[in-house]
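Participant: Fold the following and give me the result.
(chains A, B, C and D)
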2 protein chains.
Amino acid sequence: MSKSIPANTTTKSAYHHGDLRAQLIREGIRALETADAGDLSLRQLAQRVGVTGSAPYRHFPDRAALLEAIAAEGYRRVTATLTPTGVRAGEGARRIVHFATAHPGWWELMVVTGGAIGPELEEARGGFLAELVGVIERSDGGDSPEECIRLAVAVWAAVVGMIRLNAVGGVAVLDATMVPDAAALAESMVTGRRMPPIGAPPR
Amino acid sequence: MSKSIPANTTTKSAYHHGDLRAQLIREGIRALETADAGDLSLRQLAQRVGVTGSAPYRHFPDRAALLEAIAAEGYRRVTATLTPTGVRAGEGARRIVHFATAHPGWWELMVVTGGAIGPELEEARGGFLAELVGVIERSDGGDSPEECIRLAVAVWAAVVGMIRLNAVGGVAVLDATMVPDAAALAESMVTGRRMPPIGAPPR
DNA sequence: ATGGGATGTTAGTGGTGAGTACATTGGCGA
DNA sequence: TCGCCAATGTACTCACCACTAACATCCCAT
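Facilitator: Sure thing, here's the model as predicted:
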């Protein structure tokens, strides 16, 4: 919702004077379900949407801009899952993990090392971190603001790492139970308790 | 040193009947200092080494194989930094972080999501994890073997995430002091204490 | 010394993609 | 109704790159 994607996604008139921009983003997200961000090309997406390879340049200065828009949209969506006030550290981490595992390619794109980033992505990312800080603050009253920020970044990092390791093939030890553990890890970081043993509390 | 790279790196006779394979790996590592793994091409590397673009195929079946070899070498090197018996959790994490920040591209390549991986990389990666588990075991006697493995993976993940977030641009909060914190975080995970406050113990 | 296998080179194929200049279309305001 | 202008299409240009095939060279073992 909000204004992230200009509403008319599927229906609407058509392509000629339509919402190519939004369509491209949508198609990009879809492509990321099966492909890797590095393999995404404007031409391909354009073709998938039913448009020639040069059309996207009316909406994005270059390939990087499209990728940024997609990443920003991702941050907005994850952030939205954190806004309910009942969400605290463990649950927050769980939701992020859920998003990341549901959309691996998309998530990867969001945390890819990139040099300079545009204002849209910067804002979306900042909003995400801010929301996460809020979650931490709600979780444990006794922390100073700086401490909360620090914890938020640590939780974020832990999630990023878990997801990443899980995606990396060949780590036999890292089975399906490891990823939910990210939530437990996050919780323990905030509450100061040690990571709970393997048969972690169901929720 | 070990036998990871066959010794004769720079000196030795020359290229014709030399150690092209090792040279390519070395040059690849060097290229990763400034470039991204995705941008690495066999042609480029070959040219840098002073050889035509088709020569590498005598040593690597394809591009992926070269990347794997480079990644494996990376794991061997990091592993080597963990072997001294005095190294415990905090220091171990610190050394990994040190390697990762000193060679960002290389490190990225090592933790890139890749489908099937070859035996060399699998072994190197396995060796790394095993060594890390050893470090954990040395750090806190009271843990069961499974618990140690779990902790090792968690530490590994935390480091991966910290490095990654640090590399991602635009996270204003994440300044230089954040990365060393990975070590503190690792330590706290193992010892069960909470992350130390911001002005962390210098070392 | 010599023949063969490993190592490199020359040439070439086929494919992909980013980005651009210019023509074209069609909706919408005057 | 007409003409403007934004949104697409057409048609290129350039630059890369992975990989292959066939030929050349060098070194080592017999």
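
Participant: Give me the helices and strands touching whichever strand or helix holds A:Val135, please.
Facilitator: Using DSSP states H and E, A:Val135 maps to helix A:119-139. Judged by 3 or more CB pairs under 8 Å, 6 or more residues apart in numbering or on different chains; DSSP states H and E, helix A:119-139 is in contact with helix A:63-82, helix A:89-102, helix A:145-167, helix A:178-191. Where you see a C-beta, it was placed from the backbone N, CA and C, and this is true even at glycine.

Participant: Skip the chain neighbours and tell me the closest residue to A:Val155.
Facilitator: A:Ala186 (4.5 Å; CB to CB, 6 or more residues apart in numbering or on different chains).

Participant: again with A:Ser41
Facilitator: Going by CB to CB, 6+ apart, A:Ser41 has A:Arg63 as its nearest residue, at 7.2 Å.

Participant: Show me which residues of stretch A:106-114 are buried.
Facilitator: Buried residues in stretch A:106-114, counted by 16 or more other CB atoms under 10 Å in any protein chain shown: A:106-112, A:114.

Participant: Reformat the residues you listed into JSON lines and put distance to B:Tyr75 and secondary structure next to each item.
Facilitator: Output for the buried residues of stretch A:106-114, formatted as JSON lines (distance: CB to CB, whole Å; DSSP: H, G, I helix; E, B strand; the rest coil):
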{"residue": "A:Trp106", "distance to B:Tyr75": "28", "secondary structure": "helix"}
{"residue": "A:Trp107", "distance to B:Tyr75": "24", "secondary structure": "helix"}
{"residue": "A:Glu108", "distance to B:Tyr75": "21", "secondary structure": "helix"}
{"residue": "A:Leu109", "distance to B:Tyr75": "26", "secondary structure": "helix"}
{"residue": "A:Met110", "distance to B:Tyr75": "26", "secondary structure": "helix"}
{"residue": "A:Val111", "distance to B:Tyr75": "22", "secondary structure": "coil"}
{"residue": "A:Val112", "distance to B:Tyr75": "22", "secondary structure": "coil"}
{"residue": "A:Gly114", "distance to B:Tyr75": "25", "secondary structure": "coil"}
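
Participant: mind giving me CSV with the helices and strands packed on helix A:119-139 and columns for distance to B:Glu147?
Facilitator: Converted to CSV, the helices and strands packed on helix A:119-139 look like this (distance: least, CB to CB, whole Å):
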stretch, distance to B:Glu147
helix A:63-82, 30
helix A:89-102, 20
helix A:145-167, 17
helix A:178-191, 12
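
Participant: And the ones you listed, which one averages the lowest pLDDT?
Facilitator: For those, mean pLDDT drops lowest on helix A:178-191, to a mean of 72.

Participant: Can you list the helices and strands that it packs against?
Facilitator: By 3+ CB pairs under 8 Å, 6+ apart, helix A:178-191 packs against helix A:89-102, helix A:119-139, helix A:145-167, helix B:145-167, helix B:178-191.

Participant: let's go with 7 Å and repeat that
Facilitator: helix A:89-102, helix A:145-167 (3 or more CB pairs under 7 Å, 6 or more residues apart in numbering or on different chains; DSSP states H and E).

Participant: and A:Leu82, what is it in contact with?
Facilitator: By CB atoms under 7 Å, 6 or more residues apart in numbering or on different chains, the contact list for A:Leu82 reads A:92, A:95, A:131-132, A:135.

Participant: same question, A:Val190
Facilitator: A:Val190 neighbours (CB under 7 Å, 6+ apart): A:89, A:136, A:139-140, A:151.

Participant: what separates it from A:Glu137, distance-wise?
Facilitator: 10 Å (CB to CB, to the nearest Å).

Participant: burial measure for the residue of chain A found nearest chain B, as a count.
Facilitator: Closest approach between chain A and chain B, counting by CB to the nearest CB: A:Gly161, at 3.0 Å. Using other CB atoms under 10 Å in any protein chain shown, A:Gly161 has 27 neighbouring residues.

Participant: Please verify my assumption that it contacts B:Val155.
Facilitator: No - between A:Gly161 and B:Val155 there is no contact under CB atoms under 7 Å: 9.3 Å.

Participant: burial of A:Arg58, as a residue count?
Facilitator: Counted with other CB under 10 Å, A:Arg58 comes out at 9.

Participant: Now it: closest residue in space that isn't a chain neighbour?
Facilitator: Per CB to CB, 6+ apart, closest to A:Arg58 is A:Leu20, 7.3 Å.

Participant: For burial, what's the neighbour tally of that neighbour?
Facilitator: Neighbour number of A:Leu20 under other CB under 10 Å is 19.

Participant: same question, A:Asp36
Facilitator: So A:Asp36, with other CB under 10 Å, has 16 neighbours.

Participant: try A:Pro145
Facilitator: For A:Pro145, using other CB under 10 Å, the count is 9.

Participant: what phi and what psi does the backbone show at the residue nearest to A:Arg58?
Facilitator: phi -50, psi -40 (degrees, to the nearest 10).

Participant: so how far is DNA strand D from it?
Facilitator: 4 Å (CB to the nearest atom of the strand, to the nearest Å).

Participant: How much space separates that residue from A:Glu27?
Facilitator: From A:Leu20 to A:Glu27 the distance is 10 Å (CB to CB).

Participant: Can you pull the residues that touch both of these two?
Facilitator: A:Val49.
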